[in-house]
Structures are given as C-alpha cells and as structure tokens.
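Q: Need a 3D model of the sequence below.
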Amino acid sequence: MLSLRRRFAFYFALGFLAATPLPVLASDASFPFGSALVLDAPPQPGSKRVPMIEIEESGDASLYLWCASVRGSAKVGEATISIVPTTPLPSQCSPDQISRDADLLTQLAQVSGWRRQGDEIDLLGAETLRFRLMTN
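A: Just a heads-up that it's a prediction; the model follows:
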C-alpha cells in the first residue's frame, strides 16, 4: 500500500512539473501587442536612435524610424502580419535620413509573416527584419 502511494505521489509530481512550462511556452509564442520592438541594428553615425515599432491589438501601429515617426495600421495573424503606414514622412529630417526612413518603411510594408523566439521577433518579407522585445 505504501508503494502505491509513493508511485501516485511520484506520478502526480511528474505530471505537475511536465505541465508547468506549457503556459510559459504558449505565451512566448504569441505576438507581443503593446510592447516596444527595437530593430536589431546599430544606430546610424551621429545618432543614438534605433528604429522601434509598437503594434496594439486594435491594429494601431507607431513606427519610430531612423529620424521620423509615423503612424500606421497592422493586421497580425497567427503567423502573418501586414503593416501599412497611414501618415506621410515628415520633412524635418535631412535628405539622407528621409531616404533611410523611406527604405525602412518600404521593408516594413513588404513583410507578410512573423515568428517569435523568446525576445526576438522576426518580420518576414523580401528581407527579414529582426526586432528585440524591450523587457526593461
């Protein structure tokens, strides 16, 4: 009888430990709505700014580029994503900065998929753009 209780306790503990990581893994695979995603790239010479995006569950998107910031809309599915800028680039930046911002906006408009591995979110399109989830 004692052996049966020990087996039951062992299997119960094993089942509990095996089930514990499942919610963590499930949430790790979800899109991080409402969080700041920073482009995995060094700042441009003469600047400390690195592009960042924030996408809300409502579909509102804030795109902070190399120089300018624009608003947009996004549709996020289980493994799909589309990002559409809805405001034009402002002209307060230099022509070189506007060119870099326009290039990044073009890349963002071409993404069609996403995948997440931990704090890294890859936006997949003509080129893969890797973003890191700000966790501070």
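Q: Gln110 is in contact with Thr128, isn't it?
A: No. Here Gln110 lies out of contact with Thr128, judged by C-beta atoms under 8 Å, at a distance of 10.8 Å. Backbone N, C-alpha and C define where each C-beta goes, glycine included.
Q: Can you name the secondary structure element that comes next after the worst-scoring helix or strand of the chain on mean pLDDT?
A: In the chain, no helix or strand scores lower on mean pLDDT, DSSP states H and E than helix 21-28, which sits at a mean of 48. Using DSSP states H and E, the helix or strand that follows helix 21-28 in sequence is strand 36-39.
Q: which of the residues in that next one are buried?
A: Going by neighbour count (16 or more other C-beta atoms under 10 Å), the buried part of strand 36-39 is 36-37, 39.
Q: Out of the residues you listed, flag the one nearest to Ile121.
A: Leu37 (5.8 Å; C-beta to C-beta).
Q: mind listing the strands for this protein?
A: Residue ranges of the strands in the chain, as given by DSSP state E, are 36-39, 52-55, 60-64, 69-76, 81-85, 113-117, 120-124, 129-133.
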